[in-house]
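K.L.:
Sequence first, predicted model second:
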Amino acid sequence: MSADIYHEMIVDYSRNPLNFGRLEDPHATFHDSNPLCGDSIGIDLRVEDGSVSGITFHGKGCAICMACSSVLTEMAKGKTVEEVRRIGKDDVLGELGLEHLQAVRIKCALLSLKVLKSALYGYIAEKGGDTGSLKEDAAGLY
């Protein structure tokens, strides 16, 4: 796709985010912020039968942060916990053509992935499961 199409997608997702809001009675929730940019994102997660049955995000952020949060929630919806664990930064950045994003904007783009992995870490730990390197994955995204 051309850079113009990716730019339009970012603007559209930031203005009309998918899965924006709060879940009632989430199984996991986590919030984090990027003080350098002012982004502040929370993710609510519901897991049923080992798959993500509900996911929303809430908060505020720049266009890149909001677009990536929207795309990430779509990527995770309906996936198994293990599939969501394997979502990486290249997956999120690739969806919006941001593979060559400037270092200063990486935190904006990956904040929601860090939040999702942290929420998933909390959920798995609460269930007594093996969290493996999930916490380190979340902490080491950028």
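P.N.:
Right, received. Where do you want to start? Numbers count the residues shown, from 1 in each chain.
K.L.:
What average pLDDT does stretch 34-41 get?
P.N.:
The average pLDDT for stretch 34-41 rounds to 92.
K.L.:
ok now do the nearest residue to Pro26 once chain neighbours are set aside, which residues does it touch?
P.N.:
Among residues not flanking Pro26 along the chain, Asp44 sits closest, at 3.8 Å (Cβ to Cβ, 6 or more residues apart in numbering). Backbone N, C-alpha and C define where each C-beta goes, glycine included. Contacts for Asp44 (Cβ atoms under 8 Å, 6 or more residues apart in numbering) come out as 22-23, 26, 28-29, 54-58, 119.
K.L.:
What ranges does this protein have for its strands?
P.N.:
28-34, 39-48, 51-60 (DSSP state E).
K.L.:
Pick the most buried one from these.
P.N.:
Among the strands of the chain, the stretch with the highest mean neighbour count (mean count of other Cβ atoms under 10 Å) is strand 39-48, at a mean of 21.
K.L.:
Give me the sheet partners of that strand and which way each runs.
P.N.:
strand 28-34 (antiparallel), strand 51-60 (antiparallel) (DSSP bridges).
K.L.:
As JSON lines, the ones you listed with distance to Val115 would be great.
P.N.:
As requested, the strands paired with strand 39-48 are exported to JSON lines (distance: least, Cβ to Cβ, whole Å):
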{"stretch": "strand 28-34", "distance to Val115": "5"}
{"stretch": "strand 51-60", "distance to Val115": "8"}
